[in-house]
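Trainee: no FASTA, just this:
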């Protein structure tokens, strides 16, 4: 990787695309470790950390939070790893690893991810953080590839409101301006390809309309050490959201 080009592109466009960040053997190892975690740990995890498209149907698993808390393998992938080193390069600071998530959009029922900015959830000052998305399947327009709005990280936080999408409770309410549509790009990916975006970069993803293809991925969230979290406000938000999801029967 040309690190100078990566940093320049990240600063100007708000994201970078790195094909083949993991090789085939590394992807297979990650999938094997995921199978173990899903079999051994998921059945006993708190409901607010495991989401399903259809509650009670294990075949519709869509999201797992904090993988590194439940597996030494994923802990090593998150911390003091090449993922962490890349985050430090792009944020130009030491980083704090905050979350590592499993995502899937099961065939036919995997819902669209609403346009949003991760920084709206993070509640940071300054909002210096990034998210990495590591593909584990072939992903294209048929099963939910990611769309970014170039340069949107430099135009501040957009208004967000509640959505009906489990796992993405807030979305941009005024998305679809001429500027949004003119600058939107999308990335079909192969297993092992990595996308990295700034916390203020607007992004969304299509639903999985394919008949038989999953859309599995691992997400990494890192905050710059200089970013300060409003932990009290974030705790209230998370507790309120968990209560709402339980009361509505979504988890």
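Mentor: Nice, I can see it. Here the structure is a predicted model, which is why all the values come from computation and not from measurement.
Trainee: quick one: secondary structure of the residue nearest in space to the middle of the chain?
Mentor: The chain has residue 219 as the residue nearest its centroid, 4.3 Å off, counting by Cα atoms, centre = their mean. On the three-state scheme (DSSP: H, G, I helix; E, B strand; the rest coil), residue 219 is labelled strand.
Trainee: If it is in a bridge, with which residues?
Mentor: residue 101, residue 133 (DSSP bridges).
Trainee: so who does it touch?
Mentor: 99-103, 131-134 (Cβ atoms under 8 Å, 6 or more residues apart in numbering). All C-beta spots, glycine's among them, are computed from the backbone N, C-alpha and C.
Trainee: likewise residue 103?
Mentor: 62-63, 167, 215-219.
Trainee: Return the item of these having minimum pLDDT.
Mentor: Lowest in pLDDT among these is residue 167, which has 79.
Trainee: wait, doesn't it sit right on residue 63?
Mentor: Yes - using Cβ atoms under 8 Å, residue 167 makes contact with residue 63 at a distance of 4.6 Å.
Trainee: Need the overlap of contacts for the two.
Mentor: Residues touching both residue 167 and residue 63 (Cβ under 8 Å, 6+ apart): 51, 103.
Trainee: My assumption is that residue 209 lies in a strand; please confirm.
Mentor: No - under three-state DSSP, residue 209 falls outside any strand and is assigned coil.
Trainee: And it, what's its pLDDT?
Mentor: 97.
Trainee: same question, residue 168
Mentor: Confidence score, pLDDT, at residue 168: 84.
Trainee: how about a markdown table for the contacts of residue 219, with pLDDT and distance to residue 49 added?
Mentor: Below are the contacts of residue 219 laid out as a markdown table (pLDDT from 0 to 100; distance: Cβ to Cβ, whole Å):
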| residue | pLDDT | distance to residue 49 |
| --- | --- | --- |
| 99 | 97 | 10 |
| 100 | 98 | 12 |
| 101 | 97 | 10 |
| 102 | 98 | 11 |
| 103 | 96 | 13 |
| 131 | 98 | 18 |
| 132 | 98 | 20 |
| 133 | 98 | 19 |
| 134 | 98 | 19 |
